[in-house]
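Colleague: I would like the atomic coordinates for the input below:
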Amino acid sequence: MHDVLPADPIDAAAFRTLMSQFATGVCVVSAHSSEGELAGITVNSFVSVSLNPLLVSWSLQNTSSQFDLWSKAPEFTVSILADNQRHIARRYAARGSSALVQEDFVTTPRELPVIKGALGFLECRQWSLYPAGDHTVVFGEVLGLEQADDGKPLAFLGGAFCRIAE
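Modeller: As a prediction, the model looks like this:
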C-alpha cells in the first residue's frame with residue numbers, strides 16, 4: 001500500500017479561476033415556498049445523476065439567503081435556459097430576493113413554475129440533500145419533463161454567459 005501524502009494547500013482563487021474554464025449549462029430552479037410564494041434561483045451546477053431512478057442534482061450555497069426555502073422545498077423544477085435568456089439568468093442569479101417575475105413563468109401540469117421559452121424543463125421531487133463543504137447538493141427525482149422543438153443552450157464560461165458554437 002502506498003503512503004498517502006497530505007495535499008498541498010490550494011489557493012481558492014486559483015481553483016475558481018481554473019474551474020471557470022469548464023463550460024456549463026445554465027438553468028433556473030423554481031418552486032413554491034412553504035408560504036405558497038414562487039421562488040427561483042439561477043444555477044450552473046446542474047447535472048444528471050442516475051437513470052434508475054431518474055435523478056438530477058444541483059448545488060446550493062449554505063450561506064444563501066434562500067437556503068431554508070430550497071432545502072425544504074418538496075418539489076422543484078429545472079428550466080434549461082436558451083441562449084437568448086441571459087436576462088433571465090441574471091435576474092435569478094441576484095442575491096437576496098427570490099421573488100419571481102410572474103411574466104417569466106408558465107405552470108406545468110403539476111402546477112410548478114417553469115421559465116417561458118426554455119429549451120426544456122424537468123419536474124422533480126426532492127430525493128435527498130447531501131452536505132458538501134460550503135454547499136449542499138440537492139438531489140431530485142424526475143417526475144416529468146418537456147423539451148422544446150428547437151433552440152440553442154445558454155452556457156457559462158470564464159465568468160460570463162456565452163453561446164455554444166456548432
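
Colleague: Where does pLDDT dip in this protein?
Modeller: Counting by pLDDT under 70, the ranges of the chain that qualify are 1-2, 5-6, 95-99, 166.

Colleague: Distance of the residue nearest to the spatial centre of the chain relative to G36?
Modeller: The residue lying closest to the centre of the chain (C-alpha atoms, centre = their mean) is V43, at 3.3 Å. The gap separating V43 from G36 is 23 Å, by C-beta to C-beta, to the nearest Å. Where you see a C-beta, it was placed from the backbone N, CA and C, and this is true even at glycine.

Colleague: Please apply the same query to S79.
Modeller: 20 Å.

Colleague: who has more neighbours, these two?
Modeller: S79 (28 against 6; other C-beta atoms under 10 Å).

Colleague: Beta-bridge partners for that one, please?
Modeller: V28, F121 (DSSP bridges).

Colleague: from memory it sits against S30, does it?
Modeller: Yes: using C-beta atoms under 8 Å, S79 is in contact with S30, at 6.8 Å.

Colleague: where along the chain do the helices fall?
Modeller: 12-19, 67-72, 86-93 (DSSP state H).

Colleague: ok, back up a step: quick check: neighbours shared by S79 and S30?
Modeller: Common neighbours of S79 and S30, using C-beta atoms under 8 Å, 6 or more residues apart in numbering, are V114, I115.

Colleague: circling back to that earlier point, in contact with the residue nearest to the centre of the chain, which residues are there?
Modeller: V43 neighbours (C-beta under 8 Å, 6+ apart): V26, C27, V28, V29, W58, S59, V78.

Colleague: run the last query once more with 6 Å
Modeller: Contacts for V43 (C-beta atoms under 6 Å, 6 or more residues apart in numbering) come out as C27, V29, W58.

Colleague: quick one: which of those residues is most hemmed in?
Modeller: Counting by other C-beta under 10 Å, top hit in the contacts of V43: C27 with 29 neighbours.
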